[in-house]
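In: Below are the sequence and a predicted model for it; my questions follow.
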Amino acid sequence: MDTPYPVTRRRFFGGMASAASLLALRPAGLWSQQGQAPRRQNTLDEYDAFAKLSFNENNYGPPESVLKAMTQAFKYANRYGYPDGDIVQEIAKHHGVEPSNVLLGAGSGEILDVACTALLMDDRKVVGSEPSYNVLYSTATALKADQIKLPLLKDYRQDIPGLIRATRKNYRDVGFVYLCNPNNPTGNIVTRQEVAALLNAIPEDVPVLIDEAYHHYVEDPAYATSVPYVLEGRQVIIARTFSKISGLAGMRLGYAIAPRELLQRMRPHMTGTINAIVKWGGAAALKDTAAQAWVRTETLALRKKTSVALEGMGYPVIPSETNFVMVHLKRPVQPVIEEFRKKGVLVGRPFPPMLEHLRVSIGTPAEMDRFMVAFREILPRAAS
Ligand code: PLP
């Protein structure tokens, strides 16, 4: 059994499926929303049949408690000023901050977008690593903002001394420093000491955006959330999402935790597109710690199993603290991605400059079996 919550899911998704057919939802929209060139249109059946290991989603989906809360919230579908499950207060309580330190976004993607819009005005630059979550850099590019992107170190870790030097050197022009922790696509962490070193070494008024999308999957005790820096009044914005551990990627909810003044700069740029259903879903997800623990345990066990299997075939895996792993194929990744697709397995896109690495999300046991079968068919044992 892939999920602990099979029964009511059917009821909920049954309702969603008929709503989708009423709206004549086409899967082509699913692709185009990612900003990619539309590929061949997949039918709904084809989409459903793929092992979807490309976007680091939570393939188990939201738990029973969250589905129930969202289903009940449909009664507010026709309202503007509806009860919202006290989502902002619940997030504030969860982190021990004030509601004024919380800003909701339609996914943490909106938080990153708005941070770029608000903080990169007036020819400001963003300082960060490459590769990292490149959607942020795409947004900066769209805003015509310069980016100072430092390569990763030989062991794929982020170059904290380099980030410090670049920030200090360009101090007057830096809009913010971007730290993805754990990093996507490499899956490794920046330690709490490194975060402290960075914050202590750069001018206090330079904001640091710390993207903790994969926080819930970290095991390494050297990692810690950076939320406490917000309580200290540091110019730190923490971005979190309900898309990963809570399985709500398609519903769009994320948030920022930051000092009130920083959020005041961001608020005017928000689109206000968060819906009633996901606000209730998010509030329920925060409370269902058992469901989160279940997803985490399953995912970490499968991450380990997959890494061991790949390493056993002679393909090095970057040790991951997330719900995905990056494996060194020792050959160009693009054709391999196409081969996986032909076999019904969607894997991550290329992440320049790491063009011989494949990123694969950790899905359900059945999906990971399909991935490993396809991997063995596509790739021979590597010479170690
Ligand atoms: N940040 C990182 C590091 C991500 O990997 C993602 C999505 O994959 C996001 C932010 C955006 O997630 P969402 O907008 O669904 O919250």
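Out: That came in fine, so what should we check first? Numbers count the residues shown, from 1 in each chain.
In: The stretch 101-250 of the chain: strands as residue ranges?
Out: 102-105, 125-130, 147-151, 174-180, 208-211, 236-241 (DSSP state E, counting those that start in this stretch).
In: Which one of those strands lies nearest to the ligand?
Out: The ligand lies closest to strand 236-241 among the strands of the stretch 101-250 of the chain, at 3.2 Å (CB to the nearest ligand atom). The way it works is simple: take the backbone N, C-alpha and C, and place the C-beta from them, glycine included.
In: what's the domain layout of this structure?
Out: 6-63+290-378, 69-287 (automatic domain parsing).
In: The last one and the ligand, are they touching?
Out: Yes. Domain 69-287 comes into contact with the ligand (CB under 6 Å from any ligand atom), by way of 107-109, 133, 180, 184, 211, 213, 241, 243, 249, 254.
In: quick one: which two of those residues are the most distant?
Out: Pairwise distances across these (CB to CB) peak at 17.1 Å, for the pair C180 and A249.
In: For the two, indicate the residue with more neighbours.
Out: A count of neighbours by other CB atoms under 10 Å puts C180 above the other of C180 and A249, at 25 against 20.
In: Need phi/psi at the residue nearest the centre of the chain.
Out: Centroid check for the chain by CA atoms, centre = their mean gives A213 as the closest residue, at 4.4 Å. As for A213, its main-chain torsions (degrees, to the nearest 10) stand at phi -60, psi -30.
In: Would you check that it makes contact with I245?
Out: No. Under the contact definition of CB atoms under 8 Å, A213 does not touch I245, with a separation of 9.5 Å.
In: Let me know the pLDDT of P4.
Out: Note for P4: predicted pLDDT of 49.
In: Just name the most buried of the domains of the chain.
Out: Among these, judged by mean count of other CB atoms under 10 Å, the one packed with the most neighbours on average is domain 69-287 (a mean of 19).
In: which residues sit in contact with the closest residue to A283 other than its chain neighbours?
Out: In space, and not counting its chain neighbours, A283 is closest to G85: 3.6 Å by CB to CB, 6 or more residues apart in numbering. When contacts are counted by CB atoms under 8 Å, 6 or more residues apart in numbering, G85 touches 69, 73, 279-280, 282-284.
In: related to what we said a few turns ago, weakest of the domains of the chain in terms of mean pLDDT?
Out: Mean pLDDT is lowest for domain 6-63+290-378 out of the domains of the chain, coming in at a mean of 84.
In: So what's the gap between that one and the chain middle?
Out: Domain 6-63+290-378 has its C-alpha centroid displaced from the chain centroid by 13 Å (CA atoms, centre = their mean, to the nearest Å).
In: Let me know whether that domain sits next to the ligand.
Out: Yes. Looking at domain 6-63+290-378 against the ligand by CB under 6 Å from any ligand atom, the contacts come from 55-56.
In: where exactly do the strands run in the stretch 251-384 of the chain?
Out: According to DSSP E, counting those that start in this stretch, the strands that the stretch 251-384 of the chain contains are 254-257, 317-318, 324-328, 345-347, 357-361.
In: Quick one: those as TSV, columns for distance to K154 too.
Out: Converted to TSV, these look like this (distance: least, CB to CB, whole Å):
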stretch	distance to K154
strand 254-257	32
strand 317-318	12
strand 324-328	13
strand 345-347	25
strand 357-361	14
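In: Nearest to L198 among those would be which one?
Out: strand 254-257 (17.8 Å).
In: For that closest one, what is the distance to the chain centroid?
Out: For strand 254-257, the separation from the chain centroid amounts to 12 Å (computed by CA atoms, centre = their mean).
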